[in-house]
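In: give me the fold of what follows.
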Amino acid sequence: MLKSFRITNGGTSGIGKLTSANNFNSSRRPSTQDSEDDVEFDEAEADYDDDALVVDIEVILPESNQGSDFATLIWDSSIVLSWYLINVLFCSNNKKNIPLMTTTLELGAGTALPSLVACSLGADTIITDRLGSDSNGIFENVRNIIRHNQNNGSLINKLSPRFIELSYGMFSSQAFELPSVDYLFASDLFYNNTRDYDDIFSTFAFFANKNKNINILFCYQVRSVEKTISYLMSKWNFVGEEIEKDFLPMDVELKSEVILFRIRPKSHSS
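Out: Predicted coordinates:
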């Protein structure tokens, strides 16, 4: 299990650093007086085993961002999903455990933290967001993050992610030309004002038709106890199970209740 995860306040530069490593020991643990944005470890006191797997991603947020665009924020759901990728899906016994040529695709990626983590672990990653993302700065922000981490972090010598504009339920010729996807990431796509639940699941079905063995990792914040995805899974012929969050390090504090589901096509659920 990976033992460290930190978010350091980047001040006016808008840089938040997320670092994780297995076999990590630190003489300093976050105290209850630390704010979530000020938790950090002293590198001089850190002790890594020689074979430790280190995932070190710096997420650069636009300086002008005032929270007006959800796509420029780091949500709890993306943090939970990223830890699942690190501690469970792609790692085993402190070693990388990602199959060769694994392809991942993230819907509504925003800052694309899960995709960046998957990329750092060796996946062939495809990052998508709504139509207009190439012109409204969403993709350019992620490209800046990638360039930074290719020079300074865990994306050095990694295959660069691909980008495609994709709105839920709308499939362009580019979408039809995409390869089969092994893992589809969906992090916090449901909001209080969301109206396109069926469009989201139709997009799941689109990629499931390309690969009947696809695994969809769907992580979302609970915003209403009256809304569930059970009827949507039944309607779109999916099955799934909730994943317990015991893979999270003890010092990870979430601001909200988050649920992580693994979803598969019903006919290939075994």
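
In: helices and strands around the helix or strand where residue 79 lies, which ones?
Out: Per DSSP states H and E, residue 79 falls inside helix 76-84. Under the contact criterion of 3 or more Cβ pairs under 8 Å, 6 or more residues apart in numbering; DSSP states H and E, helix 76-84 touches strand 15-21, helix 113-120, strand 183-187, strand 215-221, strand 258-265. No exception for glycine: its C-beta is placed from N, CA and C like everyone else's.

In: pull the number of nearby residues for the closest residue to residue 255 other than its chain neighbours.
Out: In space, and not counting its chain neighbours, residue 255 is closest to residue 76: 5.8 Å by Cβ to Cβ, 6 or more residues apart in numbering. The number of residues packed near residue 76 is 19, by other Cβ atoms under 10 Å.

In: now do the contacts for residue 76.
Out: 188, 221, 254, 255, 256, 258 (Cβ atoms under 8 Å, 6 or more residues apart in numbering).

In: which one of those sits closest to residue 213?
Out: Using Cβ to Cβ, residue 188 is the member of these that lies nearest residue 213, at 25.1 Å.

In: what about that closest one, distance to residue 130?
Out: As judged by Cβ to Cβ, to the nearest Å, residue 188 and residue 130 stand 14 Å apart.

In: neighbour count: the two, which is higher?
Out: A count of neighbours by other Cβ under 10 Å puts residue 188 above the other of residue 188 and residue 130, at 22 against 17.

In: ok, the more buried one touching residue 221?
Out: Yes - using Cβ atoms under 8 Å, residue 188 is in contact with residue 221, at 5.7 Å.

In: need the overlap of contacts for those two.
Out: Both residue 188 and residue 221 are in contact with 75, 76, 77, where contact means Cβ under 8 Å, 6+ apart.

In: my guess is residue 203 is in a helix, correct?
Out: Yes - counting by DSSP: H, G, I helix; E, B strand; the rest coil, residue 203 is part of a helix.

In: that one: how many residues sit nearby?
Out: With other Cβ under 10 Å as criterion, residue 203 counts 26.

In: so where is the stretch 51-200 of the chain shaky, pLDDT-wise?
Out: The stretch 51-200 of the chain contains residues with pLDDT under 70 at 51-54, 60-72, 91-101, 192-194.

In: mind running it again at 50?
Out: Scanning the stretch 51-200 of the chain for pLDDT under 50 picks out 51-52, 66-68, 93-94.

In: thank you kindly, that will do.
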